[in-house]
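Chemist: okay, predicted coordinates and the sequence, questions at the end:
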Amino acid sequence: MINDAELLGNDAHWAFGTDFEDPLAGVDTTVPAGLDPAELARYCLMLGDDALVLSQRLSEWCSRAPDLEVDIALANIALDLLGQARLLLARAAAADPSAVPVLPEGSPVPAEDALAFFRDAGHFRNVVLAEAPNGDFAETVTRLLMFSTWRLAEFERLATHPDAVLAAVAVKGRKELAYHRDFAARWFLTLARGTQESRRRVLNALDALWPLWAELDAPAEAEGVLEQVFAASQVDRPESVPAATRGRDGVHTDALTELLADMQSVARQHPRGLW
């Protein structure tokens, strides 16, 4: 009788990965002189976790968005972020292999997938803004506006980073993030200057999410973009006190634990799953 290993031959792949090719194949992943590999890995994990967690949140809108066009747009934004997450997690693993969880012997799990599916909430470094539940559409638009405005400014800065891999990820990602930001800004403006009900919802969303903005430590250019969007939308910048969030330190809300339980459940049940 032919067993599974013989049937699969030498082309066996882990069943639950996003792809079956090394996302950094052919790329020189040597950490440049002067950079601390552990610090570079930690930074890539932060950015990768932000993208991975928000991608998962946005995917929850599939088949539930206000109309088909928005449904497709949110799905595409989620896929963009997932792609960024994969590259960043792969870079983190290459820079510091000790960051990758140790899995059962024989598990054919790629390093970036091990980081995505086999870490508990306390080991994730995403900002709390990324993990917050979706709420209504106005809340999702507001969160995406805040997140993409900050992240685009961050990627613009990283385009000249001394690590060539991280710089290349930023150059590619900033084109995607420009679309994410513009999509969210247009919808924020539409809702804020639409009906009384749509304006009420977007103002409530802004009040609820704005305390989480401080954790992003946004540069001046990101603040300036939001000021322009708020002015065009005839919305005052909230004056709320920043929340004491510490997602970068692994301190998260129950919302992340629940999200990861859903996202990771099948992979954890079948860590040796092959295709």
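Modeler: Cool, the structure landed. Residues are numbered from 1 along each chain as shown.

Chemist: return the set of buried residues in the helix or strand where Arg86 lies.
Modeler: Following DSSP states H and E, the helix or strand that holds Arg86 is helix 68-95. Buried residues in helix 68-95, defined by neighbour count with 16 or more other C-beta atoms under 10 Å: 70, 73-75, 77-78, 80-95. Where you see a C-beta, it was placed from the backbone N, CA and C, and this is true even at glycine.

Chemist: can you name every helix or strand that it contacts?
Modeler: Contacts defined by 3 or more C-beta pairs under 8 Å, 6 or more residues apart in numbering; DSSP states H and E place helix 68-95 against helix 37-59, helix 111-117, helix 137-158, helix 164-192.

Chemist: what is the orientation angle of it with helix 37-59?
Modeler: Between the direction of helix 68-95 and that of helix 37-59, the angle (axes from the mean of the first three to the mean of the last three C-alpha atoms, to 10 degrees) works out to 160 degrees.

Chemist: chain neighbours aside, what residue packs nearest to Pro108?
Modeler: Take Pro108 and drop its neighbours on the chain: the residue closest to it by C-beta to C-beta, 6 or more residues apart in numbering is Trp14, 4.6 Å away.

Chemist: can you get me a residue count around that neighbour?
Modeler: Per other C-beta atoms under 10 Å, the neighbour tally for Trp14 reads 20.

Chemist: how much space between it and Glu223?
Modeler: Here the distance between Trp14 and Glu223 works out to 42 Å (C-beta to C-beta, to the nearest Å).

Chemist: over to Leu103?
Modeler: Between Leu103 and Glu223 the distance, using C-beta to C-beta, works out to 42 Å.

Chemist: need the contact list for Leu24.
Modeler: The neighbours of Leu24, taking C-beta atoms under 8 Å, 6 or more residues apart in numbering as the test, are Leu87, Ala90, Arg91, Ala94, Val165.

Chemist: hmm, try it at 7 Å
Modeler: Contacts for Leu24 (C-beta atoms under 7 Å, 6 or more residues apart in numbering) come out as Ala90, Arg91, Ala94, Val165.

Chemist: please, which helix or strand holds it?
Modeler: Assigned by DSSP H and E, Leu24 belongs to no helix or strand.

Chemist: assign a three-state SS to Val27, would you?
Modeler: Using DSSP: H, G, I helix; E, B strand; the rest coil, the three-state assignment for Val27 comes out as coil.

Chemist: can you count the residues close to the residue nearest to it when sequence neighbours are not counted?
Modeler: In space, and not counting its chain neighbours, Val27 is closest to Val165: 6.1 Å by C-beta to C-beta, 6+ apart. Val165 has 23 neighbours, counted by other C-beta under 10 Å.

Chemist: now swap in Gly273 and tell me
Modeler: By other C-beta under 10 Å, 16 other residues sit near Gly273.

Chemist: so what's it closest to, chain neighbours aside?
Modeler: Once flanking residues are discounted, Gly273 sits nearest to Ala15: 3.8 Å by C-beta to C-beta, 6+ apart.

Chemist: residues contacting Leu260?
Modeler: By C-beta under 7 Å, 6+ apart, the contact list for Leu260 reads Ala121.

Chemist: quick one: it from Glu60, how far?
Modeler: Distance from Leu260 to Glu60, by C-beta to C-beta: 14 Å.

Chemist: no more questions from me, cheers.
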